[in-house]
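S.K.: sequence and computational prediction follow.
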Amino acid sequence: MATNSTSLFNCHITVKQPPQNPKPHPHWYSPETGIYHSKHPSVELPSDPFLDVVSFFFSHQHNGVSALIDSLSGSSISYPELYSLVKSMASGLHNTGISKGDVVLILLPNSIYYPIIFLGVLYLGAIVTTMNPLSSVLEIKKQITDSNVCLAFTVPEKVEKLQAFGIPAIGVPENVNLDSKLTTFSGFYKLLSSCFELAPRPVIKQQDTAAIMYSSGTTGMSKGVVLTHRNLIAMAELFVRFEASQYEYSSLDNVFLAVLPMFHIYGLSLFVVGLLYLGSSIVFMRKFDRNALINALDRYKVTHFPVVPPILAALTREAKNVGGNSLKSLKQVSCGAAPLSRKVIEDFIQTLPHVDFIQGYGMTESTAVGTRGFNSEKFQNYSSIGLLAPNMQAKVVDWNTGSFSPPGSSGELWLRGPAIMKDILNNRPINYVHVEDIVCFDQDGYIHIFDRLKEIIKYKGFQIAPADLEALLISHPEILDVAVTAALDEESGEIPVAFVVRKNGSRLSPKAVMDYVSERVAPYRKVRKVVFTNSIPKSAAGKILRRELRNLMTSRL
């Protein structure tokens, strides 16, 4: 296989069985254990067991200037100001009765205040759980109960709703004004004006829980993924810092545009935690606005733009409409969270040939650490999700036989390493995470995704568990049985489709089914199409045969 090529898809693998005359196994793969090791040198992680992620980050004197910038107003917070605000937040929370081990909910859109709240909670030894601010009342109530939340930060209009659950809630202003004493937000500003020192500060260990992030996992209902301070430190070293080290320019000169939601592990790992460790500047967009995108990239001379597939497609379209003086500062665009089509990649590369494009792979369960792409003048591999991150190990397992798959053969991906979650909330610790994506390592160590065993639907990078929607739909009085699966969609990647068996005599319409769901879930989890059927195909054990549903969908939609 050629490695000195500029072909866009020169490493695309189609072999699914071992070749007849296999080559000797590379040094980074062990046929005895089936373990793939990272080709990158190992990174030494801090060994001090009494180390929290906030102290670790701010102990590095990187001389960063502007840490956080609001794209709309231009307001900014410097690195020295940031650390003071984080300590003030921790002190203020302590004064309100929050202590080590308490769980604090952040139910906010992207905000310049998000990292201050998150790091302030962790500096106190408390635990953060995040959530989509568009989540329904039922979804919020479930997570509050499941993770035992005792305080919440949210938008002003949701304060009363949270208080109705018996949870104290603090309204966070949308506009950035750190000198403001507005009465409406006096509670929030009171926290930020607290004294700096905690006396005494609680003892925090690397193995202490830092965050409970909710993920659909691979099957079933959403689960609380327990991440430790060590997980977050490993993420910063093995994902963010390592990627920056592969380039000649200094991370202090990098300006990132934050459009990815910070409640999601992808956005949180970069913009709330990792990049602050490097001293880079982060420009926050409160929400994605395609019309304002180019202006923000140019105004703040953005160098790096992490995206998901729909945003990459939107960027390409907008870039075609602007003149040659735009987007000159942009150095890298990285994409993750969902698969990319060949056409989207080709369009971007042709439209912005001066921008380095890479893909990456990570999960909530791995604190966003997994793989990362890298291109040089001699070698471009745009279609791969990259090489294993340092210190990470993987197995590729045949989903039928359970045997290990060597390079050139496909199988289910398993991941292990220091960034892997501590455990699932109220469950057992984890060794390998069974990813359930079907992958193949090529002879150069680059990983390619072929298919998915998992049933999770990925809508614009967000994970939707079919079981969640099925449990909701079956509660409808006119629905006898239901199954939800994914349909491919050019704009969104995948959309949820519900197959519904109506009770005898019911005149339930597709719109009524979709409305029933939309009233009870966050917008991204809505059912987008409904197919009425006489029965749901199931195995003898009662498992829904989703492959047959997809075949039925092809003939019916």
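M.R.: Ah, there it is.

S.K.: can we go C-alpha only for contacts and neighbour counts from here?
M.R.: Noted.

S.K.: per-domain residue ranges of this structure.
M.R.: 29-43+385-452, 53-287, 457-556 (automatic domain parsing).

S.K.: check for me that Pro310 belongs to a helix.
M.R.: Yes. The assignment for Pro310 is a helix, going by DSSP: H, G, I helix; E, B strand; the rest coil.

S.K.: is it true that it touches Tyr459?
M.R.: No. Judged on C-alpha atoms under 8 Å, Pro310 makes no contact with Tyr459 at a distance of 9.6 Å.

S.K.: what do those two both touch?
M.R.: Listed as contacting both Pro310 and Tyr459 by C-alpha atoms under 8 Å, 6 or more residues apart in numbering are Ser492, Gly493.

S.K.: more crowded one of the two?
M.R.: Tyr459 (24 against 19; other C-alpha atoms under 10 Å).

S.K.: shaky segments in this structure?
M.R.: 1-23, 177-185, 195-197, 199, 216-221, 324, 427-430, 451-454, 539-543, 554-557 (pLDDT under 70).

S.K.: so which strand or helix has Val54?
M.R.: According to DSSP states H and E, Val54 maps onto helix 53-58.

S.K.: may I see the buried residues of that helix?
M.R.: In terms of neighbour count (16 or more other C-alpha atoms under 10 Å), helix 53-58 has its buried residues at Val53, Val54, Phe57, Phe58.

S.K.: now the second one. Nearest residue, chain neighbours left out?
M.R.: The reference is to Val54. Tyr123 (5.9 Å; C-alpha to C-alpha, 6 or more residues apart in numbering).

S.K.: ok, the one you found to Asp52 distance?
M.R.: Noted for Tyr123: a distance of 7 Å to Asp52, by C-alpha to C-alpha, to the nearest Å.

S.K.: again, but for Phe256
M.R.: Taking C-alpha to C-alpha as the measure, Phe256 falls 25 Å from Asp52.

S.K.: Leu93 too?
M.R.: 17 Å.

S.K.: check for me that Val43 belongs to a helix.
M.R.: No. Read with three-state DSSP, Val43 is coil and lies in no helix.

S.K.: for Glu237, what are phi and psi?
M.R.: Per-residue torsions, Glu237: phi -80, psi -40 (degrees, to the nearest 10).

S.K.: repeat for Leu227
M.R.: phi -110, psi 140.

S.K.: how many residues are close by it?
M.R.: By other C-alpha under 10 Å, neighbour count at Leu227 equals 28.

S.K.: can you list the buried residues in stretch 416-435?
M.R.: 416-425, 432-435.

S.K.: now do the closest residue to Ser78 other than its chain neighbours against Pro46, distance only.
M.R.: Leaving out its chain neighbours, the residue that sits closest to Ser78 by C-alpha to C-alpha, 6+ apart is Ser66, at 4.4 Å. Applying C-alpha to C-alpha, the value for Ser66 to Pro46 is 27 Å.

S.K.: now the helices for the stretch 51-200 of the chain?
M.R.: Secondary structure of the stretch 51-200 of the chain (DSSP state H, counting those that start in this stretch): helices located at 53-58, 79-95, 114-123, 137-147, 159-163, 186-192.

S.K.: what does the stretch 301-450 of the chain give?
M.R.: Here the stretch 301-450 of the chain has its helices, by DSSP H, counting those that start in this stretch, at 309-321, 342-351.

S.K.: that older thread, quick one: closest of the domains of the chain to Asp356.
M.R.: Asp356 lies closest, by C-alpha to C-alpha, to one member of these: domain 53-287, at 11.0 Å.

S.K.: returning to that earlier point: now for the domains of the chain, which one comes closest to Thr351?
M.R.: domain 457-556 (18.6 Å).

S.K.: how far does the closest one sit from the chain's center?
M.R.: Centroid separation for domain 457-556 versus its chain: 24 Å, with C-alpha atoms, centre = their mean, to the nearest Å.

S.K.: distance of Phe242 from Ala296?
M.R.: Distance, Phe242 to Ala296, using C-alpha to C-alpha: 27 Å.

S.K.: before we move on, the earlier item: the residue nearest to Ser78 touches Glu81, doesn't it?
M.R.: No. The pair Ser66 / Glu81 is not scored as a contact, 9.5 Å apart, by C-alpha under 8 Å.

S.K.: so for these two, which sits in the more crowded spot?
M.R.: Using other C-alpha under 10 Å as the criterion, Ser66 and Glu81 rank with Ser66 on top: 20 against 12.

S.K.: quick check: closest non-adjacent residue to His354.
M.R.: Nearest residue to His354, sequence neighbours excluded (C-alpha to C-alpha, 6+ apart): Lys331, at 7.3 Å.

S.K.: check contacts around that neighbour.
M.R.: So Lys331 contacts Thr303, His304, His354, Val355, Asp356 (C-alpha under 8 Å, 6+ apart).

S.K.: from those, which two are the most distant?
M.R.: Taking C-alpha to C-alpha, no two of those sit farther apart than His304 and His354, at 12.7 Å.

S.K.: between those two, point out the one with more neighbours.
M.R.: Neighbour count, other C-alpha under 10 Å: between His304 and His354, His304 has more, with 21 against 14.

S.K.: from Asn254, how far off is the more buried one?
M.R.: To Asn254, His304 is 7 Å away according to C-alpha to C-alpha.

S.K.: still on that earlier bit, from the buried residues of stretch 416-435, which land in strands?
M.R.: Arg416, Asp423, Ile424, Val433, His434, Val435 (DSSP state E).

S.K.: need those residues in JSON lines (columns: distance to Phe153).
M.R.: Listed next are these as JSON lines, based on distance: C-alpha to C-alpha, whole Å:
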{"residue": "Arg416", "distance to Phe153": "33"}
{"residue": "Asp423", "distance to Phe153": "25"}
{"residue": "Ile424", "distance to Phe153": "24"}
{"residue": "Val433", "distance to Phe153": "31"}
{"residue": "His434", "distance to Phe153": "33"}
{"residue": "Val435", "distance to Phe153": "32"}
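
S.K.: closest to Tyr382 out of those?
M.R.: Val435 (22.0 Å).

S.K.: list the contacts of that closest one.
M.R.: Counting by C-alpha under 8 Å, 6+ apart, Val435 makes contact with Thr218, Glu412, Leu413, Trp414, Leu415.

S.K.: swap in 6 Å and give it another go.
M.R.: Contacts of Val435 were listed using C-alpha atoms under 6 Å, 6 or more residues apart in numbering, and they are Leu413, Trp414.

S.K.: if you count neighbours, what's buried in stretch 68-78?
M.R.: Quick answer for stretch 68-78 (16+ other C-alpha under 10 Å): Leu68, Ile69, Asp70, Ser71, Ser76, Ile77.
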